[in-house]
Structure formats: C-alpha cells, structure tokens
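Chemist: give the three-dimensional model of this entry:
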Amino acid sequence: MFTVAALYHFTRFPDPAALRGPLLDLCRTQGISGTLLLAPEGVNGTIAGSRGGIDAVLAHIRAWPGCDGLVWKESRASAQPFTRMKVRIKREIVTMGQPDVDPRAAVGHYVAPADWNALIAAPDVAVIDTRNSYEVAIGTFRGAVDPGTETFSAFPAWWDANKDRFLGKRIAMFCTGGIRCEKSTNYLLGQGVADVYHLQGGILKYLEEVPAEQSLWAGECFVFDGRVSVGHGLAEGPHVLCHACRRPLHPDDRARPAYEEGVACHHCAAETTPADKDRFRERQRQIALARARGARHLGSL
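Modeler: The predicted model follows:
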C-alpha cells in the first residue's frame, strides 16, 4: 500500500530553482514518485511512496523558510499511482493568470467539512465548483454551479460574464484540495464580493471526514494520479483515463462503440485524425509489450 500526499503552501520563494535539486534528489533517494511544482508564490503537488519516504519529503519542505505551516491531505493507493518523479519550476503553482491575486493577503472564510452541508443548504448561498468541466462531469456537490471552464485561468472571465446571477447571494466555492479556492476567493474579494466562503481541505477532506450517509456529494472526485478518481472514505474509484485525451472514463464509457483502449473514447474519437489514432495504437502496443515483460511503460499514465 502506498501513501499519497497532496500538498500546497503559499509563501514567497526568492529563488525557487535553488530548491529544486535537493528536493528532487531526496524524492529519488526515498523512492517517491509524483509531481511537485515550485514557483515564486510557493509549492504545490501530489506525491506517493512509502510512509517513511513521504514523511522525509514533508519534513524537508516544512524546513524551508515560511513553510512550517504546510498542511497536506493523505490517502492510500494499492499501486504506485505515478510513473516517475518530477519537480518543475512554474510561474504559478496553480495557474490563474491574475497577477494581482495574492492568497497571502486575504481569502474567503474557511468552512470545515462538518459545517459545509449546513452552509450550502442555506437559501441565500450560491455554490460554485471551481474545477474544470471534465472533473465536474464525474462528481460534484448537489446543486452546485458548473462554470463549464476548461482551465482555471478561464474562471475570471466566466465570473465577469455571470456575476449578475449571484447578486445578493453569499458565495461558497470548492475544489479538489483547496488550492484553487485560495485564489478564486481572493479574486472575488478583489471584485467587491463581501461574503465568500470555501471548503477547507477541499473535496478530499470532505470525502475523508463526512460519512456517506450524511454526504451531499454525488459521484466521484477526479484526482490527478493513476487512481483517476476517489469516493467516500477516499476509496479508489472505478474510473480510468482515456490515454488519447486524458479525460476520465467510467466502466460504462468503455462499453461504448467509440472506445478503443489507448486510442479513442466517445469524448475524443472525432477530435483526432486517422494518423493520430495510428500513433496511439503504436503507443498502446508498446505499453502492452512492456506489461508482458513485467515493466511499466512511461506512457501508461
């Protein structure tokens, strides 16, 4: 069993590139896989490995200046959900494209998972899912507004076009682990929205702490690793990724005529050319050969 840690922390790194080498070396030494992003605004990512290895990496990050308050969410995976370890330098640890947004200055009111149901059931509250449309498609809170965005950077334009729908409402927002809401709530505060709330710890913390029989969550939660989705209690879900378009597929979707493993699904069959599909078939053949040898092909996730 592998320990999976999803983490983020907003702080100022004058030289994030200087942090990369020692962090990557430690992850490799500890047998950790996953992706960590470093930017001048902080750190974000998900990693998986042994209990001791995860603890070593978390201790390393918490020792950085300004990171002693790092928080993270943990879950379990029956198999290593990542194929390799990547530490990348980015402009933002979650891309919104709004240079004036700074979660360190102000964010919305944090709402604990135990208090979330009561908040979103209130008639004067509008609940907004800040995730991308392919994530929302497999699960969300009942009654939540889906902006239909393909990237988080599209959220400000969506809000500007739709803000009049929410006049006189308190705004409650949520995302997978909490990081997108740190920025989206700061953005709304900057737009003059007075009453802004967000789910502390995100969907992952809600699914971990709130019993299924009390839950207002419907479906599964998309996660950015080989498990693809998780449900209540953070149990691994039934979804797999289409390796052509990277969208999540339910087992029923794989029974559709358009589905060909590693090549196409009902979402993307009309989006790729015959040449693309031939290339995907060759990649799938290499994956099958690697599997037969007992190896893991890097293109299998």
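
Chemist: so residue 72: helix, strand or coil?
Modeler: Using DSSP: H, G, I helix; E, B strand; the rest coil, the structure places residue 72 in strand.

Chemist: for it, which residues are in contact?
Modeler: 5, 6, 7, 58 (C-beta atoms under 8 Å, 6 or more residues apart in numbering). Using the backbone N, CA and C atoms, a C-beta is placed for each residue, glycine as well.

Chemist: which positions within the lengthiest helix in the chain qualify as buried?
Modeler: In terms of residue count, the longest helix belonging to the chain (DSSP state H) is helix 274-292. By 16 or more other C-beta atoms under 10 Å, the buried positions in helix 274-292 come out as 277, 280, 283, 284, 287.

Chemist: and the contacts of residue 72, which is closest to residue 257?
Modeler: residue 6 (35.9 Å; C-beta to C-beta).

Chemist: surely residue 87 is in a strand?
Modeler: Yes. Under three-state DSSP, residue 87 sits within a strand.

Chemist: how far away is it from residue 81?
Modeler: 17 Å (C-beta to C-beta, to the nearest Å).

Chemist: what does residue 259 give?
Modeler: Distance from residue 259 to residue 81, by C-beta to C-beta: 22 Å.

Chemist: more neighbours, these two?
Modeler: residue 81 (22 against 16; other C-beta atoms under 10 Å).

Chemist: okay, the more buried one: pLDDT?
Modeler: Listed pLDDT for residue 81 reads 94.

Chemist: next, it: secondary structure please.
Modeler: coil.

Chemist: could you chop the protein up by domain?
Modeler: 2-89, 109-219, 241-300 (automatic domain parsing).

Chemist: just put those in TSV and tack on distance to residue 228.
Modeler: Listed next are the domains of the chain as TSV, based on distance: least, C-beta to C-beta, whole Å:
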stretch	distance to residue 228
domain 2-89	9
domain 109-219	9
domain 241-300	5
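
Chemist: mind checking which of those domains is nearest residue 234?
Modeler: domain 2-89 (4.1 Å).

Chemist: quick one: end-to-end length of the closest one, please.
Modeler: Domain 2-89 has an end-to-end distance of 26 Å (criterion: C-alpha to C-alpha, to the nearest Å).

Chemist: most surrounded residue in the contacts of residue 72?
Modeler: residue 6 (25 neighbours).

Chemist: ok so it is a helix residue?
Modeler: No. Residue 6 is assigned strand when assessed by three-state DSSP, not a helix.

Chemist: residues contacting it?
Modeler: 45, 46, 72, 73, 74, 75, 176, 177, 204, 223.

Chemist: mind listing the residues bridging to the fifth one?
Modeler: So the one you mean is residue 74. residue 5 (DSSP bridges).

Chemist: that one contacts residue 4, doesn't it?
Modeler: Yes. Proximity of residue 74 to residue 4 meets the contact threshold set by C-beta atoms under 8 Å, at 6.6 Å.

Chemist: who has more neighbours out of those two?
Modeler: More crowded of residue 74 and residue 4, by other C-beta under 10 Å: residue 4, with 27 against 15.

Chemist: what's the distance between the more buried one and residue 272?
Modeler: For residue 4 relative to residue 272 (C-beta to C-beta), the value is 31 Å.

Chemist: low pLDDT regions in the stretch 201-301 of the chain?
Modeler: The model of the stretch 201-301 of the chain has pLDDT under 70 over residues 294-301.

Chemist: which parts of stretch 137-148 are buried?
Modeler: 137, 138, 139, 140, 141, 144, 145, 147.

Chemist: likewise for stretch 219-235?
Modeler: 219-232, 234.

Chemist: how far away from the center of its chain is that stretch?
Modeler: 10 Å (C-alpha atoms, centre = their mean, to the nearest Å).

Chemist: now the end-to-end length of it.
Modeler: Stretch 219-235 end-to-end distance (C-alpha to C-alpha) = 12 Å.

Chemist: contact partners of that stretch?
Modeler: 4, 6, 34-35, 46, 48, 75-77, 79-83, 131, 134-135, 138-140, 176, 203-204, 207-208, 210-212, 215, 217, 236-241, 248, 301.

Chemist: isn't residue 203 up against residue 176?
Modeler: Yes. With contact defined as C-beta under 8 Å, residue 203 counts as touching residue 176 (5.5 Å).

Chemist: these two: which is more packed in?
Modeler: The neighbour comparison of residue 203 against residue 176 (other C-beta under 10 Å) goes to residue 203, with 27 against 21.
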